[in-house]
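>>> got a sequence here, can you model it:
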Amino acid sequence: MRSFRLPASVIRGYWCPTEDDWRAIQETLYLTSVPGMKDSIVEGLWTPLEQCTKELDW
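Presented below is the predicted three-dimensional model:
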């Protein structure tokens, strides 16, 4: 898991996201609202690259 520094504005209790940040937040909320998607993403993060396929079956 990656670590990151919180901006000083967050520590002081406010944060004004950029447009890109806001879109990323919206996408994350959408993806985690899909049943099973969160678990699928986490599983994919822990799958070794050698076990991944280059061809999709959908």
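>>> any buried residues in the top helix by length along the chain, and which?
The single longest helix within the chain, with elements called by DSSP state H, is helix 19-33. Of the residues in helix 19-33, none count as buried by neighbour count, 16 or more other Cβ atoms under 10 Å. Where C-beta positions appear, they are placed from N, C-alpha and C, glycine not excepted.
>>> after that helix comes which helix or strand?
helix 37-46 (DSSP states H and E).
>>> check the offset of that next one from the chain's centre.
The chain centroid and the centroid of helix 37-46 are separated by 10 Å, computed with Cα atoms, centre = their mean, to the nearest Å.
>>> stretch 29-49 now?
With Cα atoms, centre = their mean, you get 9 Å for stretch 29-49.
>>> pull that stretch out as CSV, backbone CA atoms only.
C-alpha atoms of stretch 29-49 as CSV (Å, rounded to 0.1, in the frame of the first residue of the first chain):
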residue,chain,number,x,y,z
LEU,A,29,-17.1,6.3,-5.2
TYR,A,30,-18.8,4.9,-8.3
LEU,A,31,-16.5,1.8,-8.6
THR,A,32,-16.8,1.0,-4.9
SER,A,33,-20.6,1.2,-5.3
VAL,A,34,-20.6,-1.7,-7.8
PRO,A,35,-21.1,-5.0,-5.9
GLY,A,36,-17.9,-7.0,-5.8
MET,A,37,-15.8,-4.4,-7.6
LYS,A,38,-13.8,-3.3,-4.5
ASP,A,39,-12.8,-6.9,-3.8
SER,A,40,-12.0,-7.5,-7.4
ILE,A,41,-9.7,-4.5,-7.6
VAL,A,42,-7.9,-5.4,-4.3
GLU,A,43,-7.5,-9.0,-5.6
GLY,A,44,-6.0,-7.7,-8.8
LEU,A,45,-3.6,-5.5,-7.0
TRP,A,46,-2.2,-8.5,-5.1
THR,A,47,-2.0,-10.8,-8.2
PRO,A,48,1.6,-11.3,-9.4
LEU,A,49,2.2,-10.0,-12.9
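>>> give the rounded mean pLDDT of it.
Averaging pLDDT along stretch 29-49 gives 92.
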